[in-house]
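Chemist: no sequence for this one, just the structure:
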């Protein structure tokens, strides 16, 4: 089977109530019991990874980190898959350790990062263009973003155009 094809495999006993039924989706599903045991070890390692990420950074840390890693280092290059054991997970050996980004996912990650960090990027550009003076651009009662009823103040403390005094 080609690695790019995905299929659904349902395994487990088909007897009465209380028996477990497992549903797996992906390119590395198999019908052999020996391979299922190895795959179970592989997946249990992912459970450990998820638990550690949850402990360190919260419940969404592992899925986010896995998605980013998989977008930049797909399939056998993925750090989480290599740590869980490539052969146990049904992955081919690593051809090399260089990134091979999936461009649609990488572009989405880049756009999201720009959206999230846009204010910090604006601050960095402002400091680079205007120098260290702009590090504290948000002076008390002089910031149009954070001060209600803001009006610019002219020299000598007189409000411009009849605004409120500073």
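Modeler: Sure, I can see it. No experiment lies behind these values; they were computed from the predicted model shown. Residues are numbered from 1 along each chain as shown.
Chemist: which residue ranges form the strands in this protein?
Modeler: Assigned by DSSP state E, the strands in the chain fall at 7-11, 22-26.
Chemist: need the helices for the chain, in chain order.
Modeler: 33-57, 61-72, 79-84, 86-89, 103-116, 118-130 (DSSP state H).
Chemist: could the ones you listed go into JSON lines alongside mean pLDDT, mean neighbour count and distance to residue 96?
Modeler: Yep, even glycine has a C-beta here, placed from its N, CA and C like the rest. Output for those, formatted as JSON lines (pLDDT from 0 to 100; neighbours: other Cβ atoms under 10 Å; distance: least, Cβ to Cβ, whole Å):
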{"stretch": "helix 33-57", "mean pLDDT": "87", "mean neighbour count": "13", "distance to residue 96": "22"}
{"stretch": "helix 61-72", "mean pLDDT": "92", "mean neighbour count": "16", "distance to residue 96": "14"}
{"stretch": "helix 79-84", "mean pLDDT": "92", "mean neighbour count": "18", "distance to residue 96": "12"}
{"stretch": "helix 86-89", "mean pLDDT": "87", "mean neighbour count": "17", "distance to residue 96": "13"}
{"stretch": "helix 103-116", "mean pLDDT": "93", "mean neighbour count": "11", "distance to residue 96": "18"}
{"stretch": "helix 118-130", "mean pLDDT": "82", "mean neighbour count": "11", "distance to residue 96": "33"}
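Chemist: mind putting the ones you listed in CSV, distance to residue 95 included?
Modeler: Output for those, formatted as CSV (distance: least, Cβ to Cβ, whole Å):
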stretch, distance to residue 95
helix 33-57, 19
helix 61-72, 15
helix 79-84, 12
helix 86-89, 11
helix 103-116, 19
helix 118-130, 35
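Chemist: and residue 97, which of those helices is closest to it?
Modeler: Of all the helices of the chain, helix 79-84 sits nearest to residue 97, with 8.9 Å by Cβ to Cβ.
Chemist: Which residues does that closest one contact?
Modeler: 42-43, 45-46, 49, 65-66, 69-70, 73, 75-76, 89, 91, 94 (Cβ atoms under 8 Å, 6 or more residues apart in numbering).
Chemist: Between those residues, which sits nearest residue 100?
Modeler: Distance to residue 100 across the contacts of helix 79-84 (Cβ to Cβ) is lowest for residue 73, with 7.0 Å.
Chemist: so who does the spatially closest residue to that closest one that is not a sequence neighbour touch?
Modeler: Nearest residue to residue 73, sequence neighbours excluded (Cβ to Cβ, 6 or more residues apart in numbering): residue 99, at 5.6 Å. Listed by Cβ under 8 Å, 6+ apart, the contact set of residue 99 reads 72-73, 77.
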